[in-house]
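J.: Predicted coordinates and the sequence they were generated for:
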Amino acid sequence: MSTLLDYKCPCCGGAIEFNTTAQKMKCPYCDTEFEMEALREYDQELQNDAPDEMNWETNAGCEWKGEDENLVTYVCKSCAGEIVCDKTTAATSCPYCGNPVVMAGNLSGMLKPDYIIPFKLDKKAAKDGYFNHIKGKRLLPRIFKDANHIDEIKGMYVPVWLFDAGANANIRYRATRVRHWSDSNYNYTETKYYAILRGGTIAFERVPVDGSEKMDDTLMESIEPYNFNEAVDFQTAYMAGYLADKYDVTAEESINRANQRIKNSTEEAFRSTVQGYTTVMPENSHIHLNNGKAKYALYPVWILNTTYQDKKYTFAMNGQTGKFVGDLPCDKGLFKKYLFTIAGIASAAAFALSWLIYLIF
């Protein structure tokens, strides 16, 4: 049976959560702080909690026909409100009282993360990151500059597979050198072609691959890198107060993506050693991986959503470093106005120049 984990403050009974500023668990009601180590045994004890067994038989209602396959329902321990989420949600908050909870049932039967990088930046930093991102964008629709236009800001831990491997590589590049000269009769171009071989060994540590189908891979990779030196051993207490997904893309299913990232990085690293050519293109590469292994971690991400002309725009911010990414639309009306303004200035300048020439001559 699926159960919820929440962390209650021993002082006032309020729900405590991980505080990005203090880097500790903190009660938002009485401001009491708790060291993570102090909650480790408490965390283990919570996972041993068993729900009441109070079973009833009823014929009320009718059967769903496939609609509920990915949904799970919980009851909040603070207000008894019903929490409905999908099977991959590992942490969230109650929509009625805001109580941060961890879905212990959704964590069972899956691999426990090896590491977690705690959030260092809060929701205010995410909102500030958004406004810094749109600053200076003159052709951006004005509505995007309105704070009330942001539909949703949520902090979530994204499941990530981290791949370690050594790579033995042999790569052949096709390069050219181009020379131009001329005489009184002709212009000349000479192109020489070269086959350049590179071979060697390179090591990769913690190559990240997004383990959630719901998280866009391109968006997730755009907010890299993360500083893994700040990663800690996983504890469920870190997830309190944030959304969290468990992986729905396995390590085996992520191998192709990891291989492609390693292949691209290897070719780029060896390419940097080829100097003095006009063009350089990889022609053939052979990469042999050895001692490959994978670890499982949770990375912090702030997600912001906004809607414009019935289209959803999603932005992401690295919850550790603050790197912010996201596509922005162009206001066609402002674009036309901008073009007309430039055309007007150009016409005025041309007229002034022609009048000046007339006066001189």
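T.: Right, received. Where do you want to start? Numbers count the residues shown, from 1 in each chain.

J.: Tell me where the model's unsure across the chain.
T.: 1-6, 39, 41-110, 139, 143-149, 330-361 (pLDDT under 70).

J.: got the domain boundaries for it?
T.: 4-51+69-109, 124-330, 331-361 (automatic domain parsing).

J.: Of all these, which one is nearest residue 115?
T.: Nearest of the domains of the chain to residue 115, taken as CB to CB: domain 124-330 at 4.2 Å. (C-beta placed from N, C-alpha, C; glycine too.)

J.: re earlier: would you format the domains of the chain as TSV with mean neighbour count included?
T.: Below are those laid out as TSV (neighbours: other CB atoms under 10 Å):
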stretch	mean neighbour count
domain 4-51+69-109	16
domain 124-330	16
domain 331-361	10
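
J.: Adding distance to residue 117, write those out as CSV.
T.: Converted to CSV, the domains of the chain look like this (distance: least, CB to CB, whole Å):
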stretch, distance to residue 117
domain 4-51+69-109, 12
domain 124-330, 5
domain 331-361, 37
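
J.: Go through these and name the closest to residue 116.
T.: Nearest to residue 116, of the domains of the chain and by CB to CB, is domain 124-330 at 4.5 Å.

J.: returning to what we had before: can you tell which of the domains of the chain is closest to residue 118?
T.: domain 124-330 (5.3 Å).

J.: where do the helices sit along this protein?
T.: Assigned by DSSP state H, the helices in the chain fall at 36-47, 104-107, 123-134, 217-222, 255-271, 332-360.

J.: State which strand of the chain is the longest.
T.: strand 150-182 (DSSP state E).

J.: Direction included, what does it pair up with?
T.: Paired neighbours of strand 150-182 in the sheet (DSSP bridges): strand 187-210 (antiparallel), strand 243-245 (parallel), strand 279-308 (antiparallel).

J.: Could you save these as TSV and add columns showing distance to residue 233?
T.: TSV is the format used below for those (distance: least, CB to CB, whole Å):
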stretch	distance to residue 233
strand 187-210	15
strand 243-245	16
strand 279-308	10
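
J.: From residue 299, how far off is residue 36?
T.: 18 Å (CB to CB, to the nearest Å).

J.: Could you do residue 216 as well?
T.: For residue 216, the distance to residue 299 equals 14 Å [CB to CB].

J.: try residue 271
T.: 28 Å.

J.: next one: residue 263
T.: Counting by CB to CB, the gap from residue 263 to residue 299 is 23 Å.

J.: Could you do residue 188 as well?
T.: Residue 188 is 55 Å from residue 299, by CB to CB.

J.: Residue 188: what's it in contact with?
T.: With contacts defined as CB atoms under 8 Å, 6 or more residues apart in numbering, residue 188 is in contact with 180, 181, 182.

J.: would a markdown table of the residues you listed with distance to residue 21 be doable?
T.: Below are the contacts of residue 188 laid out as a markdown table (distance: CB to CB, whole Å):
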| residue | distance to residue 21 |
| --- | --- |
| 180 | 60 |
| 181 | 65 |
| 182 | 67 |
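
J.: for these, which one is nearest residue 280?
T.: Closest to residue 280, out of all of those and judged by CB to CB, is residue 180, at 18.9 Å.

J.: and that closest one, what are its bridge partners?
T.: Beta-bridge partners, per DSSP bridges, of residue 180: residue 189.

J.: quick one: it from residue 281, how far?
T.: In this view, residue 180 and residue 281 are 21 Å apart by CB to CB.

J.: cool, and residue 212?
T.: Residue 212 is 35 Å from residue 281, by CB to CB.

J.: Residue 112 too?
T.: Residue 112 is 44 Å from residue 281, by CB to CB.

J.: How about residue 155?
T.: For residue 155, the distance to residue 281 equals 42 Å [CB to CB].

J.: swap in residue 113?
T.: 40 Å.

J.: and if you look at residue 201?
T.: In terms of CB to CB, residue 201 sits 23 Å off from residue 281.

J.: about what we covered before: quick one: which of the strands paired with strand 150-182 is nearest residue 26?
T.: strand 279-308 (16.6 Å).
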